[in-house]
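Asks: model this:
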Amino acid sequence: MIYICLILFLSLLHSHDRLRCPEDITRDNRPELEHVYQSNSGHFLIHYDTSTENSPNLLDVNSNTVPDYVEQVAFAADSSRYVLTQEMGFIEENDDEDELYDIYILSLSTNLWGQTQYESGGSTFIKIRNSYDGMSNFCDNSNDLLWLTVAHEFFHAIQYSYKTSYNDSYFRELSSMWFENLFIPDCYDFLDFVDMSSNSLFNNPDKSFDHITSGSYGYSLSLFAHYLSTITDPSGSISQLDSNIIREIWEEYAQGASSQSIFQSLKNVLINNYQTSFPYVWSDFMSRNMYSGLYDNMNNDIYYHEGLKLIEPPNFNYETTFENSINEYSIEVDEDKVAFFGIDTDQVMTANGSFSSGDYNLWSGILYDEYELINSTEQTSFSTSFSGQPSKIFFMLSNNSGEDQINLDLSIDIQGCTDNDADNYNEFAISDDGSCSYTDSFYSLYPNPIITKAIDFLTLDFISRTEKNISLSLYDYNGRFVQTLGEVNALVGNNQIIINIGNDLPSGNYYILIDNSSPLRFVHIK
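Replies: Numbers count the residues shown, from 1 in each chain. Model prediction:
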């Protein structure tokens with residue numbers, strides 16, 4: 001799991017559920033280490049120790065007196081800078097007085113992966129770990145983890161060159177978590193944050209996009225950046241390295257008023273550059289996430305990232321029982337979040353619903369049998385049949401014109417039977433008219449076989465749904481009537497019947513017909 005803390009302007013420190021950034025690290029406090037190595041590009045200075053607790057692995061395969069770990073940090077820094085500034089078009093970071101960028105290799109606290117620290121003069125520097133062994137649940141290559149951490153932190157440095165703020169760290173983390181996966185595409189460590197904590201995206205899928213602005217929340221939002229760079233921005237559909245939208249958001253943010261939030265910059269870019277709206281893309285994004293873990297490949301029109309195969313869907317509450325045939329719901333629909341309504345049932349039933357009119361976006365999705373996601377924005381009514389197998393359907397809504405209430409009128413027609421309907425009666429069927437037709441549950445017939453010379457009665461245990469008289473008849477193996485075994489008065493609930501069998505019956509296989517209806521009960525007589 002990555003825990004990358006971003007030290008913000010004016011030394012504002014942020015935390016998440018499992019880490020609090022060390023409070024003894026203050027602005028302008030640069031470490032003093034023993035050695036310095038300059039990267040091949042000449043742009044980065046890597047600071048490290050070889051004789052203290054800060055020392056990385058000192059393995060030096062090429063015998064150039066520089067530990068391989070230090071060289072890997074330099075390679076990763078050069079590469080990430082080239083990709084961000086030369087291939088993706090982001091502006092360069094702010095250097096300090098020597099016009100070089102400093103990275104310090106340190107023994108950081110247990111869960112801290114790295115820090116990008118902002119200085120009063122506008123420059124930044126980076127601190128990273130001296131080892132990443134065993135740090136991730138989704139990526140077991142420690143060198144990959146080193147590279148993606150350098151890339152993650154260096155993107156923070158570039159973000160500071162766009163704008164310094166203290167209320168946007170969630171979007172800074174969203175951006176850096178996104179880029180690290182582009183930089184090291186086979187390392188999916190960012191997925192560990194999707195539902196890791198109480199404030200993560202998938203644990204709060206119906207909250208406003210910026211309901212929390214701390215960096216820890218932003219860790220879980222990186223999937224949205226992947227969505228924007230593949231679905232909203234078609235230039236990134238083949239390779240997200242070709243996408244422009246994240247860069248355009250940072251550019252718009254830098255050019256906007258000092259009081260403008262980065263969320264507003266996102267909205268502006270969607271409207272001005274992509275002729276769409278935040279409510280539309282957010283509800284489409286969240287509806288696609290509902291299918292997380294259901295497909296094992298990308299051969300579908302729903303997934304926008306390979307990582308969706310590896311995670312569970314967002315946590316929503318479904319309607320599972322309906323006390324009335326007519327149900328009314330009032331759903332709060334807002335432009336900055338999604339509203340959700342879902343049905344999860346194993347009943348044979350039909351659900352007919354209608355949404356009130358309004359300027360809103362609506363997606364519907366089927367999560368059983370053939371998975372299906374539908375843009376239902378132009379529809380205000382629906383009819384869905386459930387077969388009696390475990391089935392889910394959901395509706396995702398967002399509003400284009402501010403907070404509003406959407407009314408849902410839902411009629412439920414229960415047509416069949418379920419285990420819950422049957423209660424303790426485990427044998428039932430669907431009648432021709434679609435209603436439940438229960439039979440009694442006969443679950444024990446003993447002893448079997450019966451030896452008539454030693455004992456001439458059987459015991460039948462069963463449950464009766466109603467109080468009634470039950471007739472019993474004996475048939476031979478070929479289905480020929482042998483004799484009537486009598487009648488018994490059955491009470492509601494558990495019953496036990498003693499059946500007298502004549503000791504003059506020849507040995508063989510017989511059937512007992514209960515109440516002139518199937519199923520026949522087999523008994524062997526010796």
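Asks: and the nearest residue to Asn375 once chain neighbours are set aside, which helix or strand is it part of?
Replies: Take Asn375 and drop its neighbours on the chain: the residue closest to it by Cβ to Cβ, 6 or more residues apart in numbering is Trp363, 5.9 Å away. (C-beta placed from N, C-alpha, C; glycine too.) According to DSSP states H and E, Trp363 maps onto strand 360-366.
Asks: neighbours around the residue nearest to Asn375, how many?
Replies: Each residue near Trp363 was counted by other Cβ atoms under 10 Å, and the total is 22.
Asks: next: Ala77.
Replies: 26.
Asks: what is the strand holding Trp363 packed up against?
Replies: helix 278-289, strand 372-375, strand 391-399 (3 or more Cβ pairs under 8 Å, 6 or more residues apart in numbering; DSSP states H and E).
Asks: using CSV, write out every CA atom in it.
Replies: Extracted in CSV, the C-alpha atoms of strand 360-366 (Å, rounded to 0.1, in the frame of the first residue of the first chain):
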residue,chain,number,x,y,z
TYR,A,360,-31.0,14.7,-14.7
ASN,A,361,-28.8,11.9,-16.0
LEU,A,362,-29.9,8.3,-15.5
TRP,A,363,-28.1,5.1,-16.0
SER,A,364,-29.6,1.6,-15.4
GLY,A,365,-27.6,-1.6,-15.0
ILE,A,366,-28.3,-5.3,-14.8
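Asks: got the contact list for it?
Replies: Strand 360-366 is contacted from outside by 279-280, 283-284, 287, 290-291, 333, 355, 371-377, 379, 382, 392-400, 404, 406, using Cβ atoms under 8 Å, 6 or more residues apart in numbering.
Asks: re the thing from before, may I see the helices and strands packed on strand 360-366 arranged in JSON lines, with distance to His211, mean neighbour count and mean pLDDT as well?
Replies: Below are those laid out as JSON lines (distance: least, Cβ to Cβ, whole Å; neighbours: other Cβ atoms under 10 Å; pLDDT from 0 to 100):
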{"stretch": "helix 278-289", "distance to His211": "13", "mean neighbour count": "23", "mean pLDDT": "97"}
{"stretch": "strand 372-375", "distance to His211": "25", "mean neighbour count": "16", "mean pLDDT": "92"}
{"stretch": "strand 391-399", "distance to His211": "15", "mean neighbour count": "23", "mean pLDDT": "94"}
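Asks: now render those as CSV, adding distance to Arg129.
Replies: Output for those, formatted as CSV (distance: least, Cβ to Cβ, whole Å):
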stretch, distance to Arg129
helix 278-289, 31
strand 372-375, 41
strand 391-399, 40
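Asks: who wins for proximity to Met196 among the ones you listed?
Replies: Relative to Met196, the nearest member of the helices and strands packed on strand 360-366 by Cβ to Cβ is helix 278-289, separated by 15.4 Å.
Asks: host element of the residue nearest to Phe179 when sequence neighbours are not counted?
Replies: Excluding its sequence neighbours, the residue lying closest to Phe179 (Cβ to Cβ, 6+ apart) is Phe155, at 4.8 Å. Taking DSSP H and E as the definition, Phe155 sits inside helix 142-162.
Asks: list the helices and strands that helix packs on?
Replies: strand 4-7, helix 68-82, strand 114-118, strand 124-129, helix 169-183, helix 245-255.
Asks: mind putting the ones you listed into CSV with mean pLDDT?
Replies: Shown next, in CSV, are the helices and strands packed on helix 142-162 (pLDDT from 0 to 100):
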stretch, mean pLDDT
strand 4-7, 41
helix 68-82, 98
strand 114-118, 92
strand 124-129, 95
helix 169-183, 96
helix 245-255, 97
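Asks: can you tell which of the ones you listed is closest to Leu266?
Replies: Using Cβ to Cβ, the helices and strands packed on helix 142-162 put helix 245-255 closest to Leu266, at 5.3 Å.
Asks: buried ones in the helix or strand just after that closest one?
Replies: Toward the C-terminal end, the helix or strand that comes next after helix 245-255 (DSSP H and E) is helix 262-274. Residues of helix 262-274 classed as buried: Ile262, Phe263, Gln264, Ser265, Leu266, Lys267, Asn268, Val269, Leu270, Tyr274 (neighbour count, 16 or more other Cβ atoms under 10 Å).
Asks: and the end-to-end length of stretch 363-371?
Replies: 14 Å (Cα to Cα, to the nearest Å).
Asks: how about the helices and strands packed on helix 142-162 in CSV, adding distance to Val150?
Replies: CSV is the format used below for the helices and strands packed on helix 142-162 (distance: least, Cβ to Cβ, whole Å):
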stretch, distance to Val150
strand 4-7, 11
helix 68-82, 4
strand 114-118, 8
strand 124-129, 6
helix 169-183, 9
helix 245-255, 19
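Asks: quick check, pLDDT for the residue nearest to Phe179.
Replies: Phe155 carries a pLDDT score of 97 in this model.
Asks: from memory it sits against Val83, does it?
Replies: No - counting by Cβ atoms under 8 Å, Phe155 stays clear of Val83, with 9.8 Å between them.
Asks: the more surrounded of the two?
Replies: Taking neighbours as other Cβ under 10 Å, Phe155 and Val83 compare with Phe155 leading, 27 against 18.
Asks: tell me how many other residues surround Thr276.
Replies: Around Thr276 there are 13 residues (other Cβ under 10 Å).
Asks: ugh, wrong one, I meant Asp334
Replies: 17.
Asks: how about Val61?
Replies: So Val61, with other Cβ under 10 Å, has 8 neighbours.
Asks: the one 10 residues further on now?
Replies: Glu71 has 18 neighbours, counted by other Cβ under 10 Å.
Asks: the closest residue to it other than its chain neighbours pairs with what?
Replies: Setting aside the residues directly before and after it, Glu71 is nearest to Tyr37 in space (Cβ to Cβ, 6+ apart), at 7.3 Å. Counting by DSSP bridges, Tyr37 forms beta bridges with Ile46.
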